[in-house]
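Engineer: sequence? don't have it. structure:
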């Protein structure tokens with residue numbers, strides 16, 4: 001080896017291997033777990049390869065050395081490059097080919113921007129966590145957690161937008177709810193104890209809750225589309241399940257510190273749980289991006305019904321109509337009784353039959369009104385069957401009395 005390179009090379013221990021020559025910039029050395037400051041002690045099963053006590057300039061230079069953070073840094077740095085490239089490809093090729101609207105371009109841009117921010121925040125923390133100032137290290141940790149929240153927000157924005165593509169009311173409800181939850185997480189970071197080791201479990205619970213909340217709109221979306229038998233549910237629900245499965249596996253690696261727990265000191269540089277967590281995070285976000293593109297193309301190939309009224313207005317009107325229908329039918333019955341009593345024996349032949357037809361037509365109109373207001377909202381008439389059958393019974397019970405009176409009047413004549 002060249003003499004100049006030898007002067008800038010350090011011999012460090014890589015797990016249980018022999019001493020290997022690793023080129024590092026001057027002023028940088030690697031430490032064992034016992035030698036690093038307390039705020040860097042997170043995983044006792046990673047025993048060496050730590051960077052510590054570095055100024056910002058050397059933190060940046062440590063990007064190109066082999067340490068126990070190298071895979072963590074480069075996995076998300078390459079993840080940023082991946083999502084940046086996908087953004088350019090989507091905006092220039094995928095979306096125009098699908099006939100995307102301006103909203104599609106905005107949603108795609110927001111989603112991929114959130115993913116890129118998530119990747120960069122993670123890179124920043126793992127690059128500068130070794131800063132000699134604990135305060136600076138904590139700030140980068142807070143930014144890393146903020147990036148996770150932004151990445152979650154990107155998943156929700158695209159998922160909710162296309163899941164409730166034909167239902168503006170619920171789309172707004174869930175988007176506002178998710179945004180409020182993310183803002184609440186941001187405000188929680190202000191608490192002085194939020195980034196401490198004592199709050200480690202609480203932080204995990206908070207992020208699991210924010211991520212798991214997506215199950216609620218997913219179930220609601222399945223119900224609105226007519227259950228698991230609906231075509232769009234069968235197309236898209238498995239993708240949601242796979243995304244949550246990847247996230248759950250990644251989180252299990254993160255909290256269990258497996259496999260280094262069973263091989264302490266053997267996986268310091270490659271194969272640790274946090275590295276697996278990073279790689280699975282990129283895989284999960286990439287999978288969700290592909291799923292978003294898929295459902296976007298699905299929505300454009302199967303557009304919404306021509307008339308899709310705002311749910312808040314139509315549901316309020318539907319509730320009012322269902323509340324007043326029984327009274328309306330009872331009034332119809334009383335009017336019929338009054339007409340038959342006052343005109344008993346005076347109605348010309350066939351008038352009762354005409355009145356019977358009018359009432360039957362009104363029954364059909366009322367049933368059609370319920371069907372139009374309710375069934376068009378779920379975009380799948382099969383889910384309306386139970387509701388329509390229950391209302392058919394109630395309608396029939398009111399109408400039957402009217403028909404019975406008209407029938408008796410015809411018999412007397």
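Structural biologist: Yep, it's here. Every value quoted in this text rests on a predicted model; they were computed, and no experiment measured them.

Engineer: which residues does the residue nearest to residue 256 when sequence neighbours are not counted contact?
Structural biologist: Nearest residue to residue 256, sequence neighbours excluded (C-beta to C-beta, 6 or more residues apart in numbering): residue 273, at 6.7 Å. Glycine gets a C-beta too; all of them are placed from N, C-alpha and C. Neighbouring residues of residue 273 by C-beta atoms under 8 Å, 6 or more residues apart in numbering: 43, 253-254, 256-261.

Engineer: next one: residue 122
Structural biologist: Here residue 122 is in contact with 72, 76, 144, 147-148, 278 (C-beta under 8 Å, 6+ apart).

Engineer: before we move on, what about residue 264?
Structural biologist: When contacts are counted by C-beta under 8 Å, 6+ apart, residue 264 touches 44-45, 47.

Engineer: could you redo the last one with a cut-off of 10 Å?
Structural biologist: By C-beta atoms under 10 Å, 6 or more residues apart in numbering, the residues touching residue 264 are 15, 33, 43-47, 257.

Engineer: do residue 82 as well
Structural biologist: With C-beta under 10 Å, 6+ apart, residue 82 has these contacts: 76, 112, 115-116, 119, 282, 285-286, 289.

Engineer: Make JSON lines out of the residues you listed and add distance to residue 188.
Structural biologist: Putting those into JSON lines (distance: C-beta to C-beta, whole Å) gives the following:
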{"residue": "76", "distance to residue 188": "23"}
{"residue": "112", "distance to residue 188": "26"}
{"residue": "115", "distance to residue 188": "22"}
{"residue": "116", "distance to residue 188": "24"}
{"residue": "119", "distance to residue 188": "23"}
{"residue": "282", "distance to residue 188": "26"}
{"residue": "285", "distance to residue 188": "23"}
{"residue": "286", "distance to residue 188": "28"}
{"residue": "289", "distance to residue 188": "28"}
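
Engineer: Counting neighbours, which of the residues you listed comes out on top?
Structural biologist: Neighbours here mean other C-beta atoms under 10 Å. Within the contacts of residue 82, the largest count is held by residue 115, at 29 neighbours.

Engineer: That one: what's its closest spatial neighbour, skipping adjacent residues?
Structural biologist: residue 83 (4.5 Å).

Engineer: Also residue 289?
Structural biologist: Nearest to residue 289 is residue 86, by C-beta to C-beta, 6+ apart, at 6.2 Å.

Engineer: before we move on, what about residue 59?
Structural biologist: In space, residue 59 is closest to residue 128, 4.9 Å off (C-beta to C-beta, 6+ apart).

Engineer: Wait, the one you found touches residue 61, no?
Structural biologist: No - if you go by C-beta atoms under 10 Å, residue 128 and residue 61 don't touch, sitting 11.9 Å apart.

Engineer: List the buried residues of stretch 62-69.
Structural biologist: The neighbour-count check on stretch 62-69 (16 or more other C-beta atoms under 10 Å) flags 62, 65-69 as buried.

Engineer: how long is that stretch from one end to the other?
Structural biologist: End-to-end distance of stretch 62-69 (C-alpha to C-alpha, to the nearest Å): 10 Å.

Engineer: Could you point out which residue ranges in the chain have low pLDDT?
Structural biologist: When residues are selected by pLDDT under 70, those of the chain lie in 1-26, 305-413.

Engineer: cutoff 90 now
Structural biologist: Counting by pLDDT under 90, the ranges of the chain that qualify are 1-28, 188-193, 195-201, 226, 231, 301-413.

Engineer: okay, now the domains of it?
Structural biologist: Domains of the chain are assigned by automatic domain parsing as 62-301, 311-412.

Engineer: Could you export those to TSV, including columns for distance to residue 52?
Structural biologist: Listed next are the domains of the chain as TSV, based on distance: least, C-beta to C-beta, whole Å:
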stretch	distance to residue 52
domain 62-301	5
domain 311-412	56
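
Engineer: deepest of these, which one?
Structural biologist: Neighbour counts (mean count of other C-beta atoms under 10 Å) averaged over each of the domains of the chain peak at domain 62-301, with a mean of 18.

Engineer: So what would you say the end-to-end distance of that one is?
Structural biologist: This stretch, domain 62-301, spans 49 Å end to end (C-alpha to C-alpha).

Engineer: just checking, residue 69 touches residue 49?
Structural biologist: Yes - judged on C-beta under 10 Å, residue 69 makes contact with residue 49 at a distance of 8.1 Å.

Engineer: Now the common contact residues for the two.
Structural biologist: Common neighbours of residue 69 and residue 49 (C-beta under 10 Å, 6+ apart) are residue 269.

Engineer: tell me which element the nearest residue to residue 211 once chain neighbours are set aside is part of?
Structural biologist: Leaving aside its sequence neighbours, residue 211 sits nearest to residue 152 (C-beta to C-beta, 6+ apart; 5.9 Å). Mapping residue 152 onto the secondary structure by DSSP states H and E places it in helix 134-163.

Engineer: Which elements pack onto that helix?
Structural biologist: helix 56-61, helix 70-89, helix 102-128, helix 168-188, helix 200-212, helix 215-224, helix 231-256, helix 273-301 (3 or more C-beta pairs under 10 Å, 6 or more residues apart in numbering; DSSP states H and E).
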